[in-house]
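Asks: Got a sequence here, can you build the structure:
(6 chains)
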Protein chains: 4
Amino acid sequence: MSKPREEKYQAILDAATTAFAEYGYFSCQVSKIAKLAGIADGTIYLYFKNKEDILVSLFTERMGQFIKEIRQATGKYETTQERLLCIIRTHLRYMQENRSLAIVTQIELRQSNPEIREAISGPLREYFHLIEQVLAEGVKKDEIILADIKVARQMFFGTLDAMISDWVTSKKPRSLEESEDVVFDLVRGAFKINNLT
Amino acid sequence: MSKPREEKYQAILDAATTAFAEYGYFSCQVSKIAKLAGIADGTIYLYFKNKEDILVSLFTERMGQFIKEIRQATGKYETTQERLLCIIRTHLRYMQENRSLAIVTQIELRQSNPEIREAISGPLREYFHLIEQVLAEGVKKDEIILADIKVARQMFFGTLDAMISDWVTSKKPRSLEESEDVVFDLVRGAFKINNLT
Amino acid sequence: MSKPREEKYQAILDAATTAFAEYGYFSCQVSKIAKLAGIADGTIYLYFKNKEDILVSLFTERMGQFIKEIRQATGKYETTQERLLCIIRTHLRYMQENRSLAIVTQIELRQSNPEIREAISGPLREYFHLIEQVLAEGVKKDEIILADIKVARQMFFGTLDAMISDWVTSKKPRSLEESEDVVFDLVRGAFKINNLT
Amino acid sequence: MSKPREEKYQAILDAATTAFAEYGYFSCQVSKIAKLAGIADGTIYLYFKNKEDILVSLFTERMGQFIKEIRQATGKYETTQERLLCIIRTHLRYMQENRSLAIVTQIELRQSNPEIREAISGPLREYFHLIEQVLAEGVKKDEIILADIKVARQMFFGTLDAMISDWVTSKKPRSLEESEDVVFDLVRGAFKINNLT
DNA sequence: TATGAATGAGCGTTCATTCAT
DNA sequence: TATGAATGAACGCTCATTCAT
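Replies: Purely as a prediction, here's the structure:
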């Protein structure tokens, strides 16, 4: 019987995402997650080693899926221009549709607690790597001009991240989709994307 | 004699900055700050209402000074190009010289805990406002071309923030100064800064 | 199963009564109550909101039962004379059998701390009311003669209270029961109880 | 220079009486007493060994004076009837004019903390002794009839104590003086005071 | 598996007391 | 004497985790 187990595992992760998003990791009690998941406190420990494990699993699972989705979507496009626009769209839309995850990402991504940060950094680095791959290939194909891939990635990711940070913080945020083209336009300028394409 | 009082106040804030940077706000006990400041636990409460007040004061004081410094530095320049470069340089250098503050900023800036976030948001919004002012004026003077001031600010700040985030996280970071020109170049492209200037 | 919960609730109240009696409310740590009840400190907070809640519950429960008992016992008698003797006996005997409760009553009944006093005053006022009812009816039925019901109640209760206070304070107290008739005799004189009855 | 020392000593005792009355012994910080006395916290410790010493001194001094006053007043009268009325009047009036002292007496008289209670009990026992002397002499002179001096004293003191307790607790208390005659009348009945006298 | 009552380590904060000035 | 900043022991309460059922 692995299916019901998987289901409850995901239910806990869902509950944790919501709860962490609302209260923050430290201010959120395990009992709150349990209540939200509709199970007893103790049951959580049949699925996760401890509170930290919930957070780490949450990142691994959800960020992993996020990156997988972005990678798949990006794979459909050939040009760097299209790929970057695809990442922008997928990133913003995914976060918009998973607001709690977006919040948790914003909050806990930079946890100082070394153990937590280490566990979390994996998926994030993978995402950074994906972006940098796209950029590197674009440079190689002369579709963009960059003096420093890493800094370019920092700009690219940092922009999206700041947008989500604002959106998440804002009480009545306007849709992120509206800004997709604006961002892309800025990126085109920054990366000197060949307009002929 | 208000001098010694002020000195101890700052000493506690310094200790808190270091301690929060190392452990994170929640994982850092008040006693750790006290020990680091070389005072007794109780003494902290002669200067701060509670633990949260330390964090909030830290932001108000240190971020306030950071913004003040940036504002002063920026004021010396006329063109938008120069101003933006000035912000980039001041921001990166300030954070580089105040690594712990940079870390705390990264960590706690996005606290989910509503009270803390609210208290912190003031200085940050002020900084956002400053950047947007520079951008708006640049647009007005036709020195840059922007479809959306807010998104441009998000890109500008987000880029610097991501750079610092990487730098802070990295075990052996290369100097942020090296990247100043690279970032500026990207920004010039993004904001279509008139190359004639 | 609500039984074991009720049992532990009472056990904590018992422990608290003993501990408060020995050390006084403020000088008695919650951990002492827990140890006396044979449970962990934290368990206390599964049954009571906080330390004050223990004290208040103690009064509500125990004093409530004390008053209930007195009311029941008194209800069996018709004449004021019999009723007053009944109160005297029940009061003294109850306290004699619940020495710790008697002490706590003596100690905390007059707490200056306004919140505590307010919470405690309920049951006490109820008792005062009961006594005054008996007295008022006695006056109505011409079984006693009183110029002022309230002052009479103060004398009646004050006397019993002072007796218990002495008994509680005394290192080798003589039994309270011995004094029952003596008190009653004084009361008869004071209230001019009709000897014909 | 012993005069200013004595003055400040009394000032602290006055402040303590007021402060203890308002907050209760445990809930009243030494700093509150100091502020009320218009001196620095540390100064208190030039006059008193510690907080407890303040309370004990307060009782010794103030209760001592109270008893002295009662003893003097009582000494002026010959008959037991007059003497008892004199005690009633002096007791009630003294407490009415020293409301804070009355409150502190009510509150702390029955402190469970053994050390405090022991220190306090002295003056109180002296007062009990005084009352019992009057009663014993009255019995000897056939002016009153009592089966048990101690219980009679308990009634006498308990009544006054309960009256003050009510008066102290009440938000808008009626004057205690109004009740003097009523109490005396009750006492006359209880003690079978010979009306011929 | 699931429960949820029980645990007890851990921490923020208070405040009586001290001591350098 | 007087000050009041500094001290640090002490304690109420929380909550992640366990375990008997």
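
Asks: Give the next helix or strand downstream of the helix or strand encompassing A:Glu137.
Replies: Element membership of A:Glu137 [criterion: DSSP states H and E] is helix A:114-140. The element immediately downstream of helix A:114-140 (helix or strand, assigned by DSSP H and E) is helix A:149-169.

Asks: what does the next helix or strand after that following helix rub up against?
Replies: Sequence-wise, the next helix or strand downstream of helix A:149-169 (DSSP H and E) is helix A:180-191. With contacts defined as CB atoms under 8 Å, 6 or more residues apart in numbering or on different chains, helix A:180-191 is touched by A:81, A:84-85, A:88-89, A:92, A:135, A:138, A:144-146, A:152, A:155-156, A:159-160, A:163, A:193, A:195, B:147-148, B:151-152, B:155, B:186-187, B:189-192. All C-beta spots, glycine's among them, are computed from the backbone N, C-alpha and C.

Asks: From those, list just the buried residues.
Replies: Among those, those classed as buried by 16 or more other CB atoms under 10 Å in any protein chain shown are A:81, A:84-85, A:88-89, A:92, A:135, A:138, A:144, A:146, A:152, A:155-156, A:159-160, A:163, A:193, B:148, B:151-152, B:155, B:186-187, B:189-191.

Asks: Pull the number of nearby residues for whichever residue of chain A sits closest to DNA strand E.
Replies: Using CB to the nearest atom of the strand, the single residue of chain A nearest to DNA strand E is A:Gly42, 1.7 Å away. Residues within reach of A:Gly42, counting by other CB atoms under 10 Å in any protein chain shown, total 9.

Asks: how much space between A:Met163 and chain C?
Replies: Distance of A:Met163 to chain C, given as CB to the nearest CB, to the nearest Å: 44 Å.

Asks: And for A:Ile149?
Replies: In terms of CB to the nearest CB, A:Ile149 sits 54 Å off from chain C.

Asks: do the same with A:Ile144
Replies: Using CB to the nearest CB, A:Ile144 is found at 60 Å from chain C.

Asks: tell me the contacts of that residue?
Replies: Taking CB under 8 Å, 6+ apart as the contact definition, A:Ile144 lies against A:80, A:135, A:138, A:191-194.

Asks: mind running it again at 6 Å?
Replies: Going by CB atoms under 6 Å, 6 or more residues apart in numbering or on different chains, A:Ile144 touches A:80, A:138, A:191, A:193.

Asks: per-residue pLDDT, it?
Replies: pLDDT, A:Ile144: 95.

Asks: Phi first, then psi, for it.
Replies: Backbone torsions of A:Ile144, given as degrees, to the nearest 10, read phi -140, psi 160.

Asks: Thought A:Thr80 was touching A:Glu143, still the case?
Replies: Yes - counting by CB atoms under 6 Å, A:Glu143 does reach A:Thr80; the two are 4.1 Å apart.

Asks: From the contact counts, what lies against the strand or helix carrying A:Cys86?
Replies: According to DSSP H and E, A:Cys86 maps onto helix A:80-97. The criterion is 3 or more CB pairs under 6 Å, 6 or more residues apart in numbering or on different chains; DSSP states H and E, and the helices and strands that helix A:80-97 contacts are helix A:64-75, helix A:180-191.

Asks: and for the first one, what are the contacting residues?
Replies: Helix A:64-75 is contacted by residues A:83, A:86-87, A:90, A:94, A:123, A:126-127 when judged by CB under 6 Å, 6+ apart.
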